[in-house]
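In: I need the structure of the sequence given here:
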Amino acid sequence: MNAAPPSAAGAPPVSRMVEDIVGCKWSLAVLGAVRGGVCRPGALEHAIEGLSKKVLNERLSKLVRFGILEKRAYPELPPRTEYRLTPFGNKFCGLLDGIDALQREVGR
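Out: The predicted structure follows:
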């Protein structure tokens, strides 16, 4: 299932996404874990200390709605769900990497 580009999905402008995600430590933590290969909700919950299931589900839903992550549900028993970065999500994470690099440069 491919996520639609943010503009087609009715997502907010990219500047609003950056503000929303950079301002939320849990969104950044979830993105970092997914980028690191953790893709199942239970594994994400265990990989991110202090993250509740409720907050994780809210963050995942938002990141899917923004078109940054895609959700894949597999019809097997027990059911399995995985999250992956979309092509837009990879570009978006590049933006976040640029912000992080700028912060390190300014923080010297």
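In: how far away is L69 from L31?
Out: Going from L69 to L31 by CB to CB, to the nearest Å gives 8 Å. Glycine gets a C-beta too; all of them are placed from N, C-alpha and C.
In: residues near V38, how many?
Out: 19 (other CB atoms under 10 Å).
In: doesn't L56 make contact with it?
Out: No. Assessed by CB atoms under 8 Å, V38 is found out of contact with L56, at 11.3 Å.
In: if we can go back for a sec, more neighbours: which of L69 and L31?
Out: Under the criterion of other CB under 10 Å, the comparison of L69 against L31 puts L69 first, with 26 against 21.
In: give me the contacts around the lengthiest helix in the chain.
Out: Scanning the chain for the helix with the most residues, using DSSP state H, yields helix 87-106. Applying CB atoms under 8 Å, 6 or more residues apart in numbering, the contact partners of helix 87-106 are 3, 5-6, 14, 17-18, 21-22, 28, 31, 35, 63, 66-70, 85.
In: if I look at V38 and L56, which residues touch both of them?
Out: Counting by CB under 8 Å, 6+ apart, the residues touching both V38 and L56 are L44.
In: what helices or strands is the helix or strand where R16 lies leaning on?
Out: Taking DSSP states H and E as the definition, R16 sits inside helix 14-22. Applying 3 or more CB pairs under 8 Å, 6 or more residues apart in numbering; DSSP states H and E, one finds that helix 14-22 contacts helix 25-35, helix 87-106.
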